[in-house]
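[1] Have a look at this prediction, sequence included:
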Amino acid sequence: DVSEVRLVSIKSEAPELLQFDRSDESLTVYFPNALNSQTDYQLEIDYSVKKPAAGLYFTASTEAADPDLVWTQGEPETNRYWFPCFDHPHERQSTEVIITTQAGYSVLSNGKLLSKTDLEETEQVRFHWKQDASHVSYLVTLVVGKFEIVEELWKDTPVQYYVPPKRAEDVARTFGRTTEMIEFFSSKFGIEYPWEKYAQVVLYNFTSGGMENTSATSLHDGTLIDARAELDTSSDWLIAHELGHQWWGDLVTCKDWSHIWLNEGFASYCEVLWDEHHQGADERDYHLFQESGRARSGSALTQPIVDRRYEHPTRMFDVRAYPKGCWVVHMLRREVGDEDFFRCINRYGIEYSFNTAETDDLRKVFERLLGLSMERFFYDWTERPGHPELKIKTSYNNANSQVRIEVEQTQQWEPFHFPLKIEVRGKGEEKAVLDEFITDKQAVYFLNLPSAPQLVRVDPDYSLLAVIEEDKSRALWKTQLESAPSIVERIRAAEHLASSAASENLKLLKDALTNDPFYGVQIEIAKALGKTKVPEARDILIAAIDHPHPKTRNAVVGALTQFENDTTVIEALEKKLEAGDDSYNVVAKTISTLATVRQNAPLYKTIELLDRDSHRDVIRRAVLESLGYCHDQRALDLLLQWTGPDRYHASRRAAMDGIVRYIEENDMPVSQQKQIVTRFTEYLNSPSPLTRRSASAALGKIGEGARSSLDKLRQLANEDPDGWTRISAEAAVKQITEANDSRSEIKTLRDDIEKLRKQQEDLGKRVDEFDQP
Ligand SMILES: [Zn+2]
């Protein structure tokens, strides 16, 4: 595969020059004599490449504010833009990269640094990197830039952190647990970390969150955590994810993009394993709870995880590969138990080391080692879309001391097969457990329990990706909120109790918002209270606005968005903004919530906050987005300035979103949107994929008024070398054309109504005529 590469010559080992042909995307080499299929041959390809459209990015030449930086992004198939290769995950090779650059720059690539030579005469430096162990093309990396490099060791393996100048002080806070993670994964999988070093590099303007290039992971520019950001977030999940890929993705690679969940689902589950190890069961379950919501959304509802029908590989990197893939790994672990699960994972890892695998390979390892058929598991969870929707009704018969449990699968189509546990607790130590393998859409079970149930625990070990609806008494829900052992049970109780918004339920939630020992439960309580939209819930939220946990405070402020135009809320938020907060996220959330609830936002109230630096610019972004609610031309001018190429990419995107909001809030006529649309359309030509994606998304949201950008957007949707830009351009085209369609539909409707009105008028006249004496 070759793209935009200029080929000079091709030699075999003789050395003799060979004939070759190239089409747009591939290279054909002609040998003078037929080759023996059993013999190895070497080929030397001399080529050059200048300003490739993808794969290799020179940030200094793209965005004015950027530092001088070169980095690559090969996944899924963009490394072919800077070197000829077999650009598909089924083919492995060793790689060697020799780079000459200006003195003062560092160069990072895969494998081991064989040499670094100063070339004094030319004031240059040459780095020689080599990776002997095989990996696939998309994992080849090259980074050039000025970095502070911090290094430590795990056993004898160098562990390095490449960070932008002056950020070394954030390394320990951000990356401090890396060697512990390497140790933990090595022992959990029973396979030692397999590469010669582990480097992590933080890159400005990087187009992905992270990329697990073999032994040299690239990370986005918000990865480093400063002291205040630590209140809101940690990068552990990202670090664990990319490190997990060094086994699942790099050592064992999916054979085809249709099996990408073997990379992403496993790496996402490494985040869960790390949480469980480092912070315990509550954190693990909350992580899974959040993933569960995403795993039951979008494409996961209509397409299976393993799907060979994709137009381009980027399409496969969605909620099916990540959160749903993560849940499938979790369910596999729960179904066979920890000991067997890790034994099988170890065997799978060893058997397919330095090789490629597909979903059946994983299934067969489990079947062979455990003597079970796993066909149905893999059919239900990887070959069909959706998930079980369960209705569970529990009741107690005093006469015969029996609990009756009715389990129904209400989703369309056939049943899922899965183990289900329900634990019913009575008085004191009394307990009865249902442990069934569910195969039918409807079933009824009976359990003996001497006294009436005090607590009904459905799926107490959180082992099932499902929607669970329960029919049981309020008393049981109350105990569940107050004392259920797992955080997911308490969250489900909170959501259930909030759904009726009865005063007695709100009081329970008020107590739990303060007293529940886990912040994740508090967050979900705050959200549930907001959704009720009743004044009593509003007052509970306002009273909790200075909650001790920063993440809960953030959720409390966010939940207040439900109360638009409410003066009590506006006053409370203004007070909060005035008082400030240690957490960047809470400040940002206060700004954006205030903008949403207070219509007619005064322009210069929050503008001074534009100067505030914060982690990933969260505060500035909130201010920019809130400017969209202003009814003042100066807000628009300011927003347009902030879309400029000299600004940080996340702020540019926020400014574009602010403008979209401004158009809406000010009911701006299509004719006046021209200047904005022209500007955004120009951004579609940016060399930075991040800018092209942001501009596409904004144009799509503008809809109707952005018709003039359609040709350019269609071109991006078909040809852009960056898959995510194609996807966002495609979505924008759809939004704009649909906005047009709905406009013409409205016009047709209007015409129809007008016709009806006329007919009625005529009818009326005739009636009048009849009425005449
Ligand atoms: Zn990943």
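    Okay, I see it.

[2] Quick check: the gap between the closest residue to R384 other than its chain neighbours and T382.
    Excluding its sequence neighbours, the residue lying closest to R384 (C-beta to C-beta, 6 or more residues apart in numbering) is P304, at 5.4 Å. Placement of C-beta: from N, CA and C, glycine included. Distance check for P304 against T382: by C-beta to C-beta, to the nearest Å, it reads 6 Å.

[3] Same question for M668.
    Following C-beta to C-beta, the distance that separates M668 from T382 is 47 Å.

[4] cool, Y462 as well?
    For Y462, the distance to T382 (C-beta to C-beta) stands at 20 Å.

[5] Show me which of those two is the more surrounded one.
    For the pair Y462 and T382, the greater number of neighbours falls to T382 (23 against 18), based on other C-beta atoms under 10 Å.

[6] So the more buried one sits against T359, correct?
    Yes - with contact defined as C-beta atoms under 8 Å, T382 and T359 form a contacting pair (5.7 Å).

[7] tell me, what's touching those two both at once?
    With contacts taken as C-beta atoms under 8 Å, 6 or more residues apart in numbering, the residues that reach both T382 and T359 are 261, 306.

[8] can you tell me which residues contact the one residue in the stretch 1-150 of the chain that gets nearest to the ion?
    Of all residues in the stretch 1-150 of the chain, E75 sits closest to the ion, at 8.7 Å by C-beta to the ion. Counting by C-beta under 8 Å, 6+ apart, E75 makes contact with 138-139, 208, 211.

[9] Report how many residues lie close to the closest residue to the ion within the stretch 501-650 of the chain.
    Taking C-beta to the ion as the measure, the point where the stretch 501-650 of the chain comes nearest the ion is R616, at 19.6 Å. As a burial measure, R616 scores 21 neighbours (other C-beta under 10 Å).

[10] Next, it: secondary structure please.
    helix (DSSP: H, G, I helix; E, B strand; the rest coil).

[11] can you check D667 too?
    The three-state assignment at D667 reads coil, by three-state DSSP.

[12] neighbours of it, just the number please.
    Taking other C-beta under 10 Å as the neighbour definition, D667 ends up with a count of 7.

[13] Likewise for I98?
    The local packing count at I98 equals 14, with neighbours defined by other C-beta under 10 Å.

[14] so what does whatever helix or strand it lives in touch, helix or strand wise?
    For I98, the host element (DSSP states H and E) is strand 92-102. Counting contacts by 3 or more C-beta pairs under 8 Å, 6 or more residues apart in numbering; DSSP states H and E, the secondary-structure elements packed against strand 92-102 are strand 106-109, strand 124-136, strand 142-145.

[15] 10 Å instead, please
    strand 106-109, strand 112-119, strand 124-136, strand 142-145 (3 or more C-beta pairs under 10 Å, 6 or more residues apart in numbering; DSSP states H and E).

[16] How about residues contacting the second one?
    It refers to strand 112-119. With C-beta atoms under 10 Å, 6 or more residues apart in numbering as the contact definition, strand 112-119 has outside contacts at 96, 98, 100-101, 103, 106-107, 124-132, 158, 160, 195-197, 199, 215.

[17] Please check the residues you listed and keep the buried ones.
    If you count burial by 16 or more other C-beta atoms under 10 Å, the buried members of the contacts of strand 112-119 come out as 101, 106-107, 125, 127-131, 160, 195-197, 199, 215.

[18] Report the secondary structure state of the closest residue to E283 other than its chain neighbours.
    In this structure, E283 finds its nearest non-sequential neighbour in D275, 4.5 Å apart by C-beta to C-beta, 6+ apart. Using three-state DSSP as the criterion, the local structure at D275 reads helix.

[19] Help me confirm that D275 comes into contact with F184.
    No - when contacts are counted by C-beta atoms under 10 Å, D275 is not listed as touching F184 (11.4 Å).

[20] Give me the pLDDT value at the residue of the chain found nearest the ion.
    Of the chain, the residue with the smallest distance to the ion, taken as C-beta to the ion, is A267 at 4.4 Å. According to the predicted model, the pLDDT of A267 comes to 98.

[21] distance between the helix or strand containing it and the chain's centre?
    Assigning secondary structure by DSSP H and E places A267 in helix 261-279. Relative to the mean C-alpha coordinate of its chain, helix 261-279 is positioned 14 Å out (C-alpha atoms, centre = their mean, to the nearest Å).

[22] same thing with stretch 2-21?
    In terms of C-alpha atoms, centre = their mean, the centre of stretch 2-21 is found 41 Å from the chain centre.

[23] So what would you say the end-to-end distance of that stretch is?
    Stretch 2-21 has an end-to-end distance of 11 Å (C-alpha to C-alpha, to the nearest Å).

[24] average pLDDT across the helix or strand hosting V521?
    Using DSSP H and E, V521 falls within helix 519-532. Helix 519-532 shows an average pLDDT of 98 in the prediction.

[25] The following helix or strand past that helix to helix 519-532, inter-axis angle?
    Past helix 519-532, further along toward the C-terminus, the next helix or strand under DSSP H and E is helix 535-543. Interaxial angle of helix 535-543 relative to helix 519-532 (axes from the mean of the first three to the mean of the last three C-alpha atoms, to 10 degrees): 140 degrees.

[26] Tell me the buried residues in helix 535-543?
    Residues of helix 535-543 classed as buried by neighbour count (16+ other C-beta under 10 Å): 537-542.

[27] contacting residues around that helix?
    498, 501-503, 505-507, 509-511, 513-514, 525-526, 528-532, 534, 547, 555-560, 562-563, 566, 568-569, 571-573, 575-576.

[28] buried subset of those residues?
    Of the contacts of helix 535-543, these count as buried by 16+ other C-beta under 10 Å: 498, 501, 505-506, 509-510, 513, 525-526, 528-530, 532, 534, 547, 555-560, 562-563, 566, 569, 572-573, 576.

[29] How is this protein divided into domains?
    The chain breaks down into these domains under automatic domain parsing: 49-247, 258-383.

[30] and the shortest one, how far from the chain's centre?
    This means domain 258-383. Computed by C-alpha atoms, centre = their mean, the separation of domain 258-383 from the middle of its chain amounts to 16 Å.

[31] so what's the residue nearest to E283 up against?
    The neighbours of D275, taking C-beta under 10 Å, 6+ apart as the test, are 236-237, 240, 281-288.
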